[in-house]
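**Student:** Give me a 3D structure for the following:
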Amino acid sequence: MHKTIIMTLVLFLSASSFAEGRTLKVKSPLRLQSGEPFVGIYYFHWWEPWASYEEFNLQEMQRIRDAGFNVLFIDHEACQAIPNDFAILDREHRLAKQTGLEIIPWLGLTVFGNMATEPRRAWLQERYGAAVSVDEYGFRPYGSGTIESAIAYAVDYIDRYKDQALCHVLVEGKPCPVVALSAETGWHWHAAANDAQARMHFCRWLRNKYKSVENLNRAYGTEYESFYQVDPRDSFVFDYERAVDVRQRAISKPVRDHLLFRAEIISDMLSVVRAGVREKHPNALIATEIPYAIADEHPHAWGYQISMAAITEIADHADILFARGGGISDTATRRALLDFTKRTGKHVIINHRISPCQGPGDPTLDRKEIANLFASEAAAYCSGLGFYSWNEMVDVHMASNKNTSEDRPDAVMPVTPEQHERLYEIVSEINRAYHGIYKQNLKKVRVPQSPLGDKEKSTVYWLLRESDR
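**Tutor:** Down below sits the predicted model:
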């Protein structure tokens with residue numbers, strides 16, 4: 001968390017408690033077959049001892065369940081299924097089921113881009129008769145091979161794990177399997193700009209929007225004679241270097257159009273995958289994940305959302321949007337959640353980043369107050385509660401890695417056993433408070449004001465909304 005947010009927290013919390021907030025209606029959450037509201041956390045199998053030791057994973061999952069979680073978010077992309085024929089995935093489903101946890105799988109990373117290597121494409125081709133599309137321009141996320149192999153893997157996954165630990169949520173009283181087609185969903189502007197076919201599609205997109213070249217030129221301040229002269233590689237018109245500079249906090253019309261075009265193409269592609277999955281599993285719910293909250297003002301969020309088109313429009317295909325939050329939501333994020341869910345009717349869950357010094361783990365925060373803040377906010381604004389992460393050891397996490405400086409020099413920060421226990425107690429208290437809201441069948445909750453204030457006009461989400469008006 002950058003310095004300004006930390007200072008804001010310290011100054012605000014010196015008053016000893018969160019300010020009075022608003023009384024809001026409790027949202028109907030996503031519920032598992034048990035009737036419990038959805039409470040999830042990211043879980044990884046990359047590092048030791050999680051990679052090798054089954055008994056250790058069993059103990060970890062049991063501790064997670066005891067803390068009030070009921071769902072694990074796990075990387076189960078096709079590349080994870082290759083070693084030993086689904087052995088890693090089989091193990092995690094077996095252990096999760098044994099401990100009463102369910103799994104939301106990330107079936108692709110950046111829309112299956114990590115399956116574009118030749119060995120992985122060969123595995124897809126042999127198993128499913130299709131492989132992700134790669135040509136002279138590189139990986140093509142909207143290619144027919146990408147779509148066909150994504151459908152085949154998603155259907156195979158549901159078939160294999162629907163009676164194991166695959167997450168099911170209730171829709172009108174009936175359990176529906178849930179899979180996330182992509183984590184870190186996005187398409188980098190440079191890749192899209194250097195794809196000749198994508199450039200052609202973009203020109204058609206502009207023609208549909210502006211109708212005439214004259215209208216386009218008025219909007220862009222250009223002198224094009226044809227829509228097909230537009231080239232997003234032209235850095236004078238498509239000023240991406242300026243756009244990703246968080247100090248500017250500005251998005252030009254050309255960049256805005258290319259940003260929305262990329263999000264639309266990816267969501268349309270995933271809509272086709274969704275339709276293919278539902279031919280075999282008509283009750284399946286489709287989720288997607290983006291790595292920042294939908295109105296996050298953090299500099300990393302700004303640059304990533306513009307570079308990768310990781311904006312809410314990229315989730316148009318999804319029933320559920322998972323978004324990683326920065327720890328504590330500011331007022332702009334809360335308002336964006338209300339705006340987005342009202343406009344789209346989608347379920348949204350913010351997965352809050354947690355570490356010994358960030359978000360709910362910030363040692364300056366009062367534990368009971370922070371439990372009330374996170375629980376009431378999730379109940380009023382979201383369809384569940386989530387955290388990032390248990391053990392993403394090169395990012396924010398709560399698992400102990402006291403020897404990080406020696407064993408994992410690339411890790412963001414070490415977490416001592418003492419810090420782990422403190423974080424475990426904090427998230428357990430938040431989860432108990434969240435479950436308690438629904439056990440008591442509360443209709444309304446009082447949500448404290450966010451200590452981070454309101455920066456509505458400086459986020460990508462609200463700038464895009466302004467330009468719609």
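**Student:** Give the residue spans of this protein that score low on pLDDT.
**Tutor:** 1-20, 402-412, 454-458, 467-469 (pLDDT under 70).
**Student:** which residue ranges form the strands in it?
**Tutor:** Ranges of strands in the chain, per DSSP state E, are 22-25, 39-43, 71-75, 102-106, 133-135, 138-140, 168-171, 174-182, 285-290, 320-325, 347-353, 385-388, 444-447.
**Student:** possible to save those strands as TSV with distance to residue 223 and mean neighbour count?
**Tutor:** For every residue, glycine as well, the C-beta is placed using N, CA and C. Below are those laid out as TSV (distance: least, C-beta to C-beta, whole Å; neighbours: other C-beta atoms under 10 Å):
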stretch	distance to residue 223	mean neighbour count
strand 22-25	51	13
strand 39-43	49	25
strand 71-75	48	25
strand 102-106	45	25
strand 133-135	32	16
strand 138-140	32	18
strand 168-171	53	18
strand 174-182	39	21
strand 285-290	36	25
strand 320-325	40	26
strand 347-353	42	25
strand 385-388	47	28
strand 444-447	52	17
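**Student:** Dump these into JSON lines; add distance to residue 272 as well.
**Tutor:** As requested, those are exported to JSON lines (distance: least, C-beta to C-beta, whole Å):
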{"stretch": "strand 22-25", "distance to residue 272": "36"}
{"stretch": "strand 39-43", "distance to residue 272": "27"}
{"stretch": "strand 71-75", "distance to residue 272": "23"}
{"stretch": "strand 102-106", "distance to residue 272": "19"}
{"stretch": "strand 133-135", "distance to residue 272": "13"}
{"stretch": "strand 138-140", "distance to residue 272": "14"}
{"stretch": "strand 168-171", "distance to residue 272": "22"}
{"stretch": "strand 174-182", "distance to residue 272": "11"}
{"stretch": "strand 285-290", "distance to residue 272": "11"}
{"stretch": "strand 320-325", "distance to residue 272": "18"}
{"stretch": "strand 347-353", "distance to residue 272": "21"}
{"stretch": "strand 385-388", "distance to residue 272": "27"}
{"stretch": "strand 444-447", "distance to residue 272": "39"}
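**Student:** any idea how far residue 74 is from residue 46?
**Tutor:** 11 Å (C-beta to C-beta, to the nearest Å).
**Student:** starting at the chain centroid, how far to stretch 431-442?
**Tutor:** 25 Å (C-alpha atoms, centre = their mean, to the nearest Å).
**Student:** what's the closest of the strands of the chain to residue 162?
**Tutor:** For the strands of the chain, proximity to residue 162 was assessed by C-beta to C-beta; strand 174-182 is nearest, at 5.5 Å.
**Student:** Please export the C-alpha coordinates of the closest one as CSV.
**Tutor:** The C-alpha trace of strand 174-182 is given here as CSV (Å, rounded to 0.1, in the frame of the first residue of the first chain):
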residue,chain,number,x,y,z
LYS,A,174,-30.9,-25.6,-7.6
PRO,A,175,-27.1,-26.2,-7.5
CYS,A,176,-25.2,-24.8,-10.4
PRO,A,177,-21.5,-25.5,-11.1
VAL,A,178,-19.2,-22.4,-11.3
VAL,A,179,-16.0,-22.1,-13.3
ALA,A,180,-14.0,-19.0,-14.1
LEU,A,181,-12.9,-19.0,-17.7
SER,A,182,-10.0,-16.7,-17.0
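**Student:** which other residues reach that strand?
**Tutor:** Outside strand 174-182, the residues that touch it by C-beta atoms under 8 Å, 6 or more residues apart in numbering are 33, 73, 104-112, 150, 154, 157-158, 162, 166-170, 270, 273-274, 277, 281, 283-289, 317-318, 320, 322.
**Student:** With stretch 343-351 instead?
**Tutor:** Looking at what lies outside stretch 343-351 - C-beta under 8 Å, 6+ apart - the contacts are 30, 38, 40-42, 73, 293-294, 312, 315-316, 318-325, 329, 333, 337, 340-341, 378, 381-388.
**Student:** one more time with 6 Å, if that's ok
**Tutor:** With C-beta atoms under 6 Å, 6 or more residues apart in numbering as the test, stretch 343-351 has contacts from 30, 293, 320-325, 341, 382-384, 386-388.
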